[in-house]
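S.K.: the sequence isn't on hand, but the structure is:
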């Protein structure tokens, strides 16, 4: 029953995510939102689908404006909320905000104590997403 709920949740989320068009260049035909040409939005949903935290994938959306990381947000995931909250409060998502993408991709990031598997997966998502941003 738990697996069925998880599958339904992930399927519903995937449908919502894809319909919102959160992948690709902002302002392009997939987003439906006008944004400056120097804005890039990277989702790690597909890039890191095999990167697993304690209880599943930990996808992120990374927004880059003018070559600088403007924001990093966690997408819905199946991690235990109390443990994933430690990752958020530990500052992993904010650590790269305001940095040039090339600089952020090389930053040493440490796992959050008490949420090691989740934070290691988030770090892998961050690195992969930032490397993808450098390729574009």
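M.R.: Thanks, I have it. Here the structure is a predicted model, which is why all the values come from computation and not from measurement.

S.K.: so who does residue 42 touch?
M.R.: 23, 61, 62, 63, 64, 129, 130, 132, 133 (C-beta atoms under 8 Å, 6 or more residues apart in numbering). No exception for glycine: its C-beta is placed from N, CA and C like everyone else's.

S.K.: name the nearest residue to residue 64, sequence neighbours excluded.
M.R.: residue 40 (4.4 Å; C-beta to C-beta, 6 or more residues apart in numbering).

S.K.: pLDDT averaged over the helix or strand hosting the one you found - what is it?
M.R.: According to DSSP states H and E, residue 40 maps onto strand 39-43. Strand 39-43 shows a mean pLDDT of 96.

S.K.: and for stretch 68-78?
M.R.: For stretch 68-78, the per-residue pLDDT averages 97.

S.K.: go ahead and name everything in contact with it.
M.R.: 6, 9-10, 13, 17, 39, 43, 45, 53, 55-64, 84, 87-88, 93-94, 96-101, 104, 122, 126, 130.

S.K.: could you redo the last one with a cut-off of 6 Å?
M.R.: Applying C-beta atoms under 6 Å, 6 or more residues apart in numbering, the external contacts of stretch 68-78 come out as 6, 13, 55-56, 58-63, 93, 96-97, 99-100, 104.

S.K.: again with stretch 49-66
M.R.: 38-45, 70-75, 77-79, 101, 117-118, 121-122, 124-125, 129, 133.

S.K.: picking that back up, neighbour-wise, which one of the contacts of stretch 68-78 leads?
M.R.: Sorting these by how many neighbours each has (other C-beta atoms under 10 Å) puts residue 58 first, at 29 neighbours.

S.K.: that one and residue 116, how far apart?
M.R.: As judged by C-beta to C-beta, to the nearest Å, residue 58 and residue 116 stand 13 Å apart.
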